[in-house]
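S.K.: okay, sequence plus prediction incoming.
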Amino acid sequence: MSTDNPKIIYTLTDEAPLLATHSLLPIVKTFTAAADIDVETSDISVAARILGEFPDFLTDEQKVPDNLAELGRLTQFPDTNIIKLPNISASVNQLINTIKELQEKGYAIPDYPEDPQSDEEKAIAARYSKISGSAVNPVLREGNSDRRAPPAVKRYAQKNPHSMAKWSPASRTHVGHMKHGDFYSSEKCMTMDKACSVKMDLVTESGKTIVLKEKTDLLEGEIIDSMFMSAKALRDFFEDEMNDAKETGVMLSLHVKATMMKVSHPIVFGHAVTVFYKDLFEKYGDLFKKLGVNPNNGISSVYEKIKELPASFREEIERDIHACYAERPELAMVDSAKGISNLHAPNDVIVDASMPAMIRNGGQMWGPDGKTKDTKALMPESTYARIYQEMINFCKTNGAFDPTTMGTVPNVGLMAQKAEEYGSHDKTFEIPEKGVARIVAEDGTVLIEQNVEEGDIWRMCQTKDAPIRDWVKLAVSRAKQTGVPTIFWLDEYRPHDYELIKKVNVYLKDHDLEGCDIQIMSPLRSMRFSLERIIRGKDTISVTGNILRDYLTDLFPIMELGTSAKMLSIVPLMAGGGLFETGAGGSAPKHVQQLVEENHLRWDSLGEFLAIAVSLEDVGIKTGSERAKILATTLDDATGKLLDNNKSPSRRTGELDNRGSHFYLAMYWAQALAAQTDDAELAAKFAPLAKTLTDNEEKIVEELNAVQGQAVDIGGYFQLDSEKTTAVMCPSATFNAALEAARA
Ligand SMILES: NC(=O)C1=CN([C@@H]2O[C@H](COP(=O)(O)OP(=O)(O)OC[C@H]3O[C@@H](n4cnc5c(N)ncnc54)[C@H](OP(=O)(O)O)[C@@H]3O)[C@@H](O)[C@H]2O)C=CC1
Ligand SMILES: O=C(O)CCC(=O)C(=O)O
Ligand SMILES: [Mg+2]
């Protein structure tokens, strides 16, 4: 059904946010209906994206539309309003598990070809690669990023500080990064003086020319980068760092973003695995190849593939795995109780969340014995790793941050039109043989070339001019609105940043900068500057490229607020629409586990509350709907009250959880609407709901909490049974009836 009503598209995603949606959406729809706003859903879960990609394998009843493509199309229209929840950026392991679940449910989709040989297998692998990794965000993020802690949230954190472990000046924790042979060392860059198309090829030492990417169209003013990571330098780095950790007795951890950097980082992860377990891979190299072990998927791939061997042989290999631990340093664990280490699977430790969690924890991670310890945090690429070392140094000198007094560091991030690393996935290659990697223009001119060796990871990134202009504009507007010093984190010694700096200096002149304090500093100086201010309670806006956007919008919120889930995360689309993201974190797989085992969901939907409010405000501004504006302000009031009254979810089973916090939001929202005087009809409409919820508060909370403690069935992991999940997520008959009555 389509109406002329303003429309908000609410995405259905994965894991904890999808569970929370089953409870929150009926509430939201009850309220938006009063302002004649349609809230439509769009399923972009990893399962739905797989089904959308393979209609030719499905029955007519099973077919689903390609929702992501449709949303991508809609980002180009000014009246588009999308609320985007975090979704799984699937590693190969996650993709395979999703496929398996769907096949078991009767969808005849093809197996994932782990080692595609035939043309048919290669075609299927290419179709699956569209779904793997960070496949959603780059499509929807047709605008730059504005992430910040709203004042009410910041005040709440200052009054109710989360725990912060102590930092000792004697902490041995440090970052290990490459000093040569990484992307930083090899980066070359140029700005296009006219539009053209380029080819990426490799001229091998043996005289062949291998075309790696036939055609990439470039616009005038676009910045392109070429860079490679030397496989040899990377392996030497891992070997040296592992030996150092062993000799000095410090625990080892690896921090990559194999989901978002979906081509390069799984390879980096794979090298870490084969270097750490080098005796194992030397001994069983041929067998592992035959079995299809892929170290890029972690040591879990070995365990998975040896399952098919006779028990005695399998046990021998398992003994050899264990023998490696005697030679190597202790490994940081993801789940020490289950013996799952940092090298188990690449999606288990994701740098943007894992480094802040470690820093918040006094620089410590969990060891195999379940105790927390200092760690050597390996993050091979030095481009961005050094900012973490700067923060670690700061904590060693100044102690842990104090959430009650610290300032805030919001972020304005460049990411539109697949800026920087976002656009590199189809331009990243593992070099098949030694030669010269080249970016060549149509007329045959070689624009950039570099000498590479077999196994090196070579990539090209693109950053278009219009997004850069838009990013500078967004930074200036935040600087003006806040009066806060605004720092561009750009490294003039890095070729890419050098080109960006030239543009930033030009585009800043398009704006009236009266009263603004805007500076450009290297990422290290920017970090230091922001930290010196933050401990004095002062705020500093960070304006960064795409990767630092990702890193900083978990790093600072986790120190300031305890989690990045509480961030306001707006993407003003360049075509005029709005993409309202919820929080800055991910889909919290551990929360699903707790729900399934104990029927308690500790997911905090604060990010959703904030996003819905700005989405409604946007509808109000764009359509002139006063009711939408009232819904937005009353929702913000309700959110503030929820925080003040401590009605956020508890981590502990038996206490108020996600569902209970949604009840309180509904009650406070209805009360605020009933109390407002701008629209008497709206007030009258919500008065009965406000009364019913207020009168039945105790009963509803009791109904919501009583169900906890037992295992529940939601009918799947990647594809939920909607009915079963709704039953689990909406267990209060009294609350359900009240909402239904309000909708009638
Ligand atoms: N925007 C997006 O679409 C993003 C998607 N992802 C995807 O999310 C998945 C998991 O990523 P991961 O790196 O583990 O990061 P997550 O942010 O999902 O998890 C890290 C931890 O942060 C805490 N957390 C995150 N969100 C909330 C919330 N709303 N309420 C309460 N606590 C929260 C949880 O801590 P605790 O366990 O202590 O409660 C959680 O375990 C991956 O598949 C990744 O690809 C990741 C980042 C962004
Ligand atoms: O796209 C992704 O995989 C993750 C994105 C992310 O972590 C972020 O935007 O903060
Ligand atoms: Mg992130």
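M.R.: Looks like it came in fine. Numbering: from 1, shown residues only. Ligands and ions are numbered 1, 2, ... in the order given.
S.K.: and for Lys257, nearest residue in space, chain neighbours not counted?
M.R.: Val351 (5.0 Å; CB to CB, 6 or more residues apart in numbering). Any C-beta I mention is one placed from the backbone N, CA and C, and that applies to glycine too.
S.K.: was I right about the one you found contacting Ala377?
M.R.: No - under the criterion of CB atoms under 8 Å, Val351 makes no contact with Ala377, lying 9.1 Å away.
S.K.: which residues do those two both contact?
M.R.: Common contacts of Val351 and Ala377 (CB atoms under 8 Å, 6 or more residues apart in numbering): His255.
S.K.: what ranges do the strands span in the stretch 151-300 of the chain?
M.R.: 174-176, 188-191, 196-204, 209-218, 223-229, 251-254 (DSSP state E, counting those that start in this stretch).
S.K.: skipping its backbone neighbours, what lies nearest the closest residue to ligand 3 within the stretch 401-550 of the chain in space?
M.R.: For the stretch 401-550 of the chain and ligand 3, the shortest gap (CB to the ion) falls at Asp550, measuring 4.2 Å. Using CB to CB, 6+ apart and skipping residues adjacent in sequence, the residue nearest Asp550 is Asp352, 5.0 Å away.
S.K.: tell me which helix or strand comes right after the strand or helix carrying the one you found.
M.R.: Asp352 belongs to helix 351-360 when assigned by DSSP states H and E. Per DSSP H and E, the first helix or strand lying C-terminal to helix 351-360 is strand 364-366.
S.K.: is there proximity between that following strand and ligand 1?
M.R.: No - using CB under 6 Å from any ligand atom, strand 364-366 stays clear of ligand 1, with a minimum separation of 12.4 Å.
S.K.: adjacent strands (with direction) for that strand?
M.R.: strand 372-378 (antiparallel) (DSSP bridges).
S.K.: list the contacts of the strand it pairs with.
M.R.: 165, 171-177, 238, 241, 244-245, 250-255, 272, 329-330, 332, 355, 358, 361-367, 388.
S.K.: give me the angle between it and helix 351-360.
M.R.: For strand 372-378 against helix 351-360, the angle by axes from the mean of the first three to the mean of the last three CA atoms, to 10 degrees is 140 degrees.
S.K.: alpha carbons of strand 372-378, as CSV, please.
M.R.: This file holds the C-alpha atoms of strand 372-378, laid out as CSV (Å, rounded to 0.1, in the frame of the first residue of the first chain):
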residue,chain,number,x,y,z
THR,A,372,43.3,-9.7,32.1
LYS,A,373,46.8,-8.8,31.0
ASP,A,374,48.8,-6.1,29.2
THR,A,375,49.1,-6.8,25.5
LYS,A,376,51.2,-6.1,22.4
ALA,A,377,48.4,-4.9,20.1
LEU,A,378,49.4,-5.7,16.5
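S.K.: report the distance from the helix or strand just after that strand to the chain centre.
M.R.: Using DSSP H and E, the next helix or strand after strand 372-378 towards the C-terminus is helix 382-398. Relative to the chain's own centre, helix 382-398 is displaced by 21 Å; criterion: CA atoms, centre = their mean, to the nearest Å.
S.K.: got it, and stretch 618-636?
M.R.: The answer for stretch 618-636 is 29 Å, by CA atoms, centre = their mean.
S.K.: now the end-to-end length of it.
M.R.: 14 Å (CA to CA, to the nearest Å).
S.K.: tally of neighbours for the residue nearest to Lys257?
M.R.: 26 (other CB atoms under 10 Å).
S.K.: you'd agree Phe77 is up against Ala575?
M.R.: Yes - if you go by CB under 8 Å, Phe77 and Ala575 touch, sitting 6.4 Å apart.
S.K.: from Lys246, how far out is the residue lying closest to Arg172 once chain neighbours are set aside?
M.R.: Nearest residue to Arg172, sequence neighbours excluded (CB to CB, 6+ apart): Asp374, at 4.2 Å. Distance, Asp374 to Lys246, by CB to CB, to the nearest Å: 14 Å.
S.K.: who's more crowded, these two?
M.R.: Taking other CB under 10 Å, Asp374 and Lys246 do not tie; Asp374 has more neighbours (20 against 15).
S.K.: residue numbers of the stretch 151-300 of the chain in contact with ligand 1?
M.R.: Counting by CB under 6 Å from any ligand atom, the stretch 151-300 of the chain sits next to ligand 1 at Thr259.
S.K.: what residue in the stretch 151-300 of the chain comes nearest to ligand 2?
M.R.: Met260 (3.8 Å; CB to the nearest ligand atom).
S.K.: that residue: how many residues sit nearby?
M.R.: By other CB under 10 Å, 21 other residues sit near Met260.
S.K.: same question for the one 3 residues further on.
M.R.: Using other CB under 10 Å, Val263 has 19 neighbouring residues.
S.K.: quick check: it touching Thr428?
M.R.: Yes - using CB under 8 Å, Val263 is in contact with Thr428, at 4.0 Å.
S.K.: and for these two, which residues touch both?
M.R.: 457, 459.
S.K.: residues in the stretch 501-650 of the chain within reach of ligand 1, list them.
M.R.: Residues of the stretch 501-650 of the chain lying near ligand 1 (CB under 6 Å from any ligand atom): 563, 565, 583, 585-590, 602-604, 607.
S.K.: just the pLDDT for the residue of the stretch 151-300 of the chain closest to ligand 2.
M.R.: Looking at Met260, its pLDDT reads 92.
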